[in-house]
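S.K.: the amino acid sequence is not available; the structure is as follows:
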């Protein structure tokens, strides 16, 4: 029963993973655990001592990856979690995710997600995926691993092996930039703040870069805390690609050529509107876990919220910004963090003025196996991508109008057909398949073969198969060349392979030339250990612990308790990592009072996950954000005059 269950979960992993060898190896090990252990026993005690840790270590790594993607849980008893335990020391492994919580009883009427063995493969994949994910994460350079060995040790060693605690330092430099025809003098501060536990012991050194305009009324100026997601991601992409005073240029949606890259003043910086603080999560970027702490202290939904809450409190105190209007801006999993952090901060007497969500993940349990919402939520994104690549015949002149039509079909006839399941008559199945084929640009027979549900990983490979091209996941406008045209999934994501190199190079140039910072170790674009060890459980605002976070629920409660809290959702039409129709669904189901629904606004852009990659899109994005901030300022002024 267990092996059949896990094989079913592995099949779901195939939808989104590119590592077929690891999946196949995991499947074989799951199918034959007793054979491995029996072979080990008959080989003798010495052989067992050598062989078991190897297999156990491999399985532990594989199972951690499966857990993150929602493919392993309660029924697994294949090998012990402890990689240093031999069969003689442990007869049966504990559940990898512990006991399921009690059935959900949310006052908001949220569907129960109590079974820890059935997390969402797709939603967890989305939550665990960010625009800054290294496309070759599993092949990090050995030099980078060596440079951050001390930080890695923090996640592996026991608490009695302390990691050196660095002092809090800052590098403060003065600059100027012209924005909107106006010269703005500003201060750039690159530094770190220590996060301490209740005993006063330092547990993390959090790196940040802050840009603050030099004004006499600094306390009244808005301040925005920005972060990417991952989980386990540094914020280099937002720092070097979006709203800071310096920006690295890319050739989006074409592939960006190797160095030399162009780093220049950013005419679309938000520094004329708000001060900016870019934060690296503990264990990512230049942030490090220190002292006696381990990765377990920070690598989880609620653990991560604790760290960011602590950092923001410290920053406000150290820089005397408690009375400034406060905003959060998160991208990808950073949107889940921002949504939940809005409520968490409010409970610590830090009321936010606004939250900006770019490419959102607001309900990590939305795409549980056996449900249809995943297929419905992706269809409008497939249609937008097919429209971009001229696969819709005849091509509609207006993309927004075309997508309104697809939305209506997805939530109407398509949803009804999927709800019918196996009982759907063949004639209706054929009619639905024909419409899906029209909206996606795919062959109708292929659509039928997928049982009317197209996985995003397959769509990336299938759309341009006849042209021997794949499309990107984070931005499907990007085209790439696979090894062959036969496999069912793309080998890599062309939308991040060149962009990541440009931003990391630009970061180091910015540190050296502008911020006068000489890094002592490597910048971790993405921390694989954090992702593998991530604890997805979250204590929702009503007190229940869910196995996967429902971030929109916390955000809704934050708005109810702070009726002036405003939210802006930013969406890219061609984003296959966080489909915009899913975000619309999540925001529409926050169960807000009618008087509060206008607090949540949405905007759309003809780009992908990283909306700011394109110059034109970034210009529109800035205009929308300036209006958002200006409306917040007017609201504060109005409230103060009453």
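M.R.: It's in. Worth saying up front: this structure is predicted, and the values here are computed from it rather than measured. Numbers count the residues shown, from 1 in each chain.
S.K.: where along the stretch 101-250 of the chain do the strands fall?
M.R.: Assigned by DSSP state E, counting those that start in this stretch, the stretch 101-250 of the chain shows strands spanning 170-179, 182-196, 202-213, 223-227, 246-248.
S.K.: what's the spacing between the fourth one and its chain's center?
M.R.: It refers to strand 223-227. With Cα atoms, centre = their mean, to the nearest Å as the basis, strand 223-227 stands 16 Å off its chain's centre.
S.K.: repeat that for the shortest one.
M.R.: Between the centre of strand 246-248 and the centre of its chain there are 22 Å (Cα atoms, centre = their mean).
S.K.: domain parsing for the protein?
M.R.: 146-366+499-641, 373-495 (automatic domain parsing).
S.K.: just the strands of the stretch 101-250 of the chain: most buried one?
M.R.: Each of those was assessed for mean neighbour count using mean count of other Cβ atoms under 10 Å. The highest is strand 223-227, with a mean of 26. All C-beta spots, glycine's among them, are computed from the backbone N, C-alpha and C.
S.K.: partners of it in the sheet?
M.R.: Partners of strand 223-227 in the sheet, by DSSP bridges, are strand 275-279 (parallel), strand 326-332 (parallel).
S.K.: pLDDT of the longest one, averaged?
M.R.: When you say that, I think you mean strand 326-332. Averaging pLDDT along strand 326-332 gives 98.
S.K.: just stretch 539-558 next, same as before
M.R.: 96.
S.K.: sketch out the low-pLDDT regions of the stretch 101-250 of the chain for me.
M.R.: When residues are selected by pLDDT under 70, those of the stretch 101-250 of the chain lie in 101-160.
S.K.: the helices in it, which residues?
M.R.: For the stretch 101-250 of the chain, helices defined by DSSP state H, counting those that start in this stretch occupy the ranges 121-127, 142-147, 149-156, 236-241.
S.K.: would you agree residue 407 is in contact with residue 581?
M.R.: Yes - counting by Cβ atoms under 8 Å, residue 407 touches residue 581, with 6.4 Å between them.
S.K.: kindly compare burial across the strands paired with strand 223-227 and name the winner.
M.R.: Most buried among these, counting by mean count of other Cβ under 10 Å: strand 326-332, with a mean of 28.
S.K.: what about the helix or strand just after that one, distance to the chain center?
M.R.: Counting by DSSP states H and E, the element after strand 326-332 in chain order, helix or strand, is helix 333-346. Offset of helix 333-346 from its chain centre (Cα atoms, centre = their mean): 13 Å.
S.K.: C-terminal to helix 333-346, what's the next element?
M.R.: The first helix or strand that comes after helix 333-346 along the chain, using DSSP H and E, is strand 354-360.
S.K.: what pairs with that following strand, parallel or antiparallel?
M.R.: Strand pairing for strand 354-360, determined by DSSP bridges: strand 326-332 (parallel), strand 566-572 (parallel).
S.K.: now the ones you listed in a markdown table, with distance to residue 375?
M.R.: Below are the strands paired with strand 354-360 laid out as a markdown table (distance: least, Cβ to Cβ, whole Å):
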| stretch | distance to residue 375 |
| --- | --- |
| strand 326-332 | 21 |
| strand 566-572 | 19 |
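S.K.: quick one: which of the ones you listed is nearest residue 415?
M.R.: Among the strands paired with strand 354-360, strand 566-572 comes nearest to residue 415, with 20.5 Å by Cβ to Cβ.
S.K.: angle of the closest one against helix 333-346?
M.R.: 170 degrees (axes from the mean of the first three to the mean of the last three Cα atoms, to 10 degrees).
S.K.: for strand 566-572, which outside residues touch it?
M.R.: Strand 566-572 is contacted from outside by 353-360, 475, 555, 559, 580, 583, 587, 599-611, 621, 624-625, 628, 631-632, 635, using Cβ atoms under 8 Å, 6 or more residues apart in numbering.
S.K.: list the buried ones in the helix ranked longest in the chain?
M.R.: When the chain is parsed with DSSP state H, its longest helix is helix 615-641. Neighbour counts over helix 615-641 (16 or more other Cβ atoms under 10 Å) mark 617-618, 620-622, 624-626, 628-629, 632-633 as buried.
S.K.: how about the helices in the stretch 351-500 of the chain?
M.R.: 373-388, 399-409, 415-420, 426-440, 444-449, 456-462, 494-510.
S.K.: and those helices, which one averages the lowest pLDDT?
M.R.: Lowest mean pLDDT within the helices of the stretch 351-500 of the chain: helix 494-510, a mean of 93.
S.K.: which strands or helices does the helix or strand just after that helix pack on?
M.R.: Using DSSP H and E, the helix or strand that directly follows helix 494-510 along the chain is helix 528-533. When contacts are defined as 3 or more Cβ pairs under 8 Å, 6 or more residues apart in numbering; DSSP states H and E, helix 528-533 packs onto helix 44-68, helix 149-156.
S.K.: helix 528-533: how far from the chain's middle?
M.R.: Relative to the chain's own centre, helix 528-533 is displaced by 13 Å; criterion: Cα atoms, centre = their mean.
S.K.: these two touch, right, residue 433 and residue 446?
M.R.: No - counting by Cβ under 8 Å, residue 433 sits too far from residue 446 to count as a contact (9.2 Å).
S.K.: so which of these two has more stuff around it?
M.R.: A direct count of neighbours by other Cβ atoms under 10 Å for residue 433 and residue 446 places residue 433 higher, at 22 against 16.
S.K.: how near is the more buried one to residue 414?
M.R.: Here the criterion is Cβ to Cβ, to the nearest Å. By it, residue 433 lies 10 Å from residue 414.
S.K.: what does residue 396 give?
M.R.: Residue 396 is 18 Å from residue 414, where distance means Cβ to Cβ.
S.K.: what does residue 338 give?
M.R.: 31 Å.
S.K.: more neighbours: the two, which one.
M.R.: residue 338 (28 against 22).
S.K.: now do the same contact list for the residue lying closest to that one once chain neighbours are set aside.
M.R.: Distance criterion Cβ to Cβ, 6 or more residues apart in numbering; nearest residue to residue 338, sequence neighbours excluded, is residue 330 at 3.5 Å. Applying Cβ under 8 Å, 6+ apart, we find residue 330 in contact with 226-229, 336-339, 355-358.
S.K.: Serialize the residues you listed to TSV and add fields for distance to residue 370.
M.R.: Formatted as TSV, the contacts of residue 330 follow (distance: Cβ to Cβ, whole Å):
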residue	distance to residue 370
226	37
227	33
228	32
229	27
336	23
337	28
338	30
339	26
355	32
356	34
357	28
358	30
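S.K.: which of those residues has the most neighbours?
M.R.: residue 228 (34 neighbours).
S.K.: hmm, that one is touching residue 240, no?
M.R.: No - with contact defined as Cβ under 8 Å, residue 228 does not count as touching residue 240 (11.1 Å).
S.K.: residue 188 pairs with what?
M.R.: Residues in beta-bridge contact with residue 188 (DSSP bridges): residue 173, residue 211.
S.K.: what sits against it?
M.R.: Residues in contact with residue 188 (Cβ under 8 Å, 6+ apart) are 172-175, 209-211, 245, 514-515.
S.K.: nearest to residue 269, of those residues?
M.R.: Relative to residue 269, the closest of the contacts of residue 188 is residue 245; by Cβ to Cβ it sits at 4.8 Å.
S.K.: the closest one against residue 186, yeah?
M.R.: Yes - assessed by Cβ under 8 Å, residue 245 is found in contact with residue 186 at 6.5 Å.
S.K.: joint contacts of those two?
M.R.: Contacts common to residue 245 and residue 186, judged by Cβ under 8 Å, 6+ apart, are 175, 177, 211, 271.
S.K.: of the residues you listed, closest to residue 233?
M.R.: Proximity of the shared contacts of residue 245 and residue 186 to residue 233 (Cβ to Cβ) peaks at residue 211, which lies at 20.5 Å.
S.K.: quick one, what contacts the closest one?
M.R.: 186-189, 244-245, 271, 275-276.
S.K.: for those residues, which one is nearest residue 525?
M.R.: The closest of those to residue 525 turns out to be residue 244 (Cβ to Cβ; 17.0 Å).
S.K.: got a list of what the closest one touches?
M.R.: The contact partners of residue 244, by Cβ under 8 Å, 6+ apart, come to 209, 211, 266, 269, 271, 276, 278.
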